[in-house]
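**Student:** Could you work out the structure for the sequence below:
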Amino acid sequence: MEGLIYKILDYKESSCLVYLYTLEGLEEVLVYQAKKYNSLNMPFCEVLNYVSYNRSGKSLKKLLDYEIINRFTNIKNSYIKLKYASIILEILRQIDDVRYPKILDFTIKTLKEMEIKDDVISICFIYLVKMLKIFGILPNLNDDILDISYTNNIDKLELSNLIKQAYYDRDFTTKASKGAFCNVINYYNKLDAINTYYIYKMLED
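**Tutor:** Next up is the predicted model:
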């Protein structure tokens, strides 16, 4: 099984509950003794790790062994990159009962772009636009004016065209301002697709 770790919670004295998005959707795995300094499982338990792992159990699965595919170190070492990657994880965390393998693939592809490029706002903007479809709120791309709560003095037609460009963008070339980014967050918020409270908090920091 492959998965991206998006949240970790302490469990009892020395163990952790690790939450991942996998090819089969969201999954929770118990990692024994993960907090002990000499634990072989400690490296597994880090948010943003992309991992391959085996687990056992039915209700609460337990980690058996693992391999870290990508730590996304450049993202973790950059405050700005980590902030926008955290927004991606927050979007991913709120996907309920969607088992669509391309979501994980697309998320990993997006994070790889963040690893090597500095324009993280544009990369995250493209991710948010494409993920609208997963939440069932894909705008009508044939309309020139989208029903969005507009801010930052952005022209409606300009934003509409930018969203269309981002939706069809396969190479992360679309350039978006923070104002355009915030408007897409407003779109999620207006249609109650996700809880955007923590996203707004991240943008304020």
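**Student:** Buried residues, the helix or strand where residue 102 lies. List them.
**Tutor:** Per DSSP states H and E, residue 102 falls inside helix 101-116. When neighbours are counted by 16 or more other C-beta atoms under 10 Å, the buried residues of helix 101-116 are found to be 103-104, 106-108, 110-115. To be clear about C-beta, it is placed using only N, CA and C from the backbone, and glycine gets the same treatment.
**Student:** Do me a favour and average the pLDDT over that helix.
**Tutor:** Here the mean pLDDT over helix 101-116 is 95, rounded to a whole number.
**Student:** Give me the pLDDT for the residue of the chain positioned farthest from its centre.
**Tutor:** Distance from the centre of the chain peaks at residue 38, with 30.2 Å (C-alpha atoms, centre = their mean). At residue 38, the model reports a pLDDT of 88.
**Student:** Quick one: classify it as helix, strand or coil.
**Tutor:** Secondary structure assignment for residue 38 (DSSP: H, G, I helix; E, B strand; the rest coil): coil.
**Student:** hang on, the earlier thing: tell me the first helix or strand C-terminal of the helix holding residue 102.
**Tutor:** Elements were assigned by DSSP H and E; along the chain past helix 101-116, the next helix or strand is helix 120-131.
**Student:** residue contacts, residue 53?
**Tutor:** The neighbourhood of residue 53, defined by C-beta atoms under 8 Å, 6 or more residues apart in numbering, consists of 1-3, 29, 44, 63-67.
**Student:** Kindly report the same for residue 115.
**Tutor:** Residue 115 makes contact with 72, 74-75 under the criterion C-beta under 8 Å, 6+ apart.
**Student:** Residue 182: which of the residues you listed is nearest?
**Tutor:** The shortest separation between residue 182 and any of the contacts of residue 115 is 21.1 Å, and it belongs to residue 75 (by C-beta to C-beta).
**Student:** Any chance of the backbone angles for the closest one?
**Tutor:** The phi and psi torsions at residue 75 (degrees, to the nearest 10) take the values phi -70, psi -50.
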